[in-house]
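Student: give me a 3D structure for the following:
(one chain, ligands or ions: 1)
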Amino acid sequence: MPEFTFFKPAGVPKAELPEIQLTVEELEAVRLRDLEALEYEECAQKMSVSRPTFHRIIVIARKKIAEALVNGSALRVTGGNFSLAKHQLACRACGHHWEDIMCCRRTRCPICQANDWHKVDI
Ligand SMILES: [Zn+2]
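Tutor: Residues are numbered from 1 along each chain as shown. Next up is the predicted model:
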């Protein structure tokens, strides 16, 4: 997950700015290609996508960044396909409590491996 996720022109209140959303994948594409200067093939491999897909991602990413810089929009990096929010979970089988970034059918208790758990409100 990137360290910085929100950028905006100085001196303009956030509420008055149009916001452009850049996905983590798009930011990663720019980081690999433009910052680390890797070859297209290598970038595509690192992101587990085909070269044409990588090219499509980076074209969109650069256009969004250019739009934000030129037109003065806010730029927000969003989670895209994943979320890093933590959930407090409790196992019904053994009573274990734990924090997990996963919260879906595949989530299992780290102690007894049961998938009979519930969310605990913090
Ligand atoms: Zn358990």
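Student: gap between stretch 112-120 and the chain center?
Tutor: Its chain's C-alpha centre lies 26 Å from the corresponding centre of stretch 112-120 when counted by CA atoms, centre = their mean, to the nearest Å.
Student: with stretch 37-47 instead?
Tutor: Computed by CA atoms, centre = their mean, the chain-centroid distance of stretch 37-47 equals 19 Å.
Student: residue contacts, the nearest residue to residue 91 once chain neighbours are set aside?
Tutor: Once flanking residues are discounted, residue 91 sits nearest to residue 109: 3.9 Å by CB to CB, 6 or more residues apart in numbering. Where C-beta positions appear, they are placed from N, C-alpha and C, glycine not excepted. The contact partners of residue 109, taken as CB atoms under 8 Å, 6 or more residues apart in numbering, are 91, 93, 94, 96, 98, 115, 116, 117.
Student: nearest to residue 38 among the residues you listed?
Tutor: Of all those, residue 38 sits closest to residue 98, with 37.3 Å by CB to CB.
Student: for the closest one, give its distance to the ion.
Tutor: Distance, residue 98 to the ion, by CB to the ion, to the nearest Å: 9 Å.
Student: wait, that residue touches residue 112, no?
Tutor: No. Between residue 98 and residue 112 there is no contact under CB atoms under 8 Å: 11.4 Å.
Student: what pLDDT, on average, does the longest helix seen in the chain get?
Tutor: Longest helix of the chain, by residue count under DSSP state H: helix 51-71. For helix 51-71, the mean pLDDT works out to 95.
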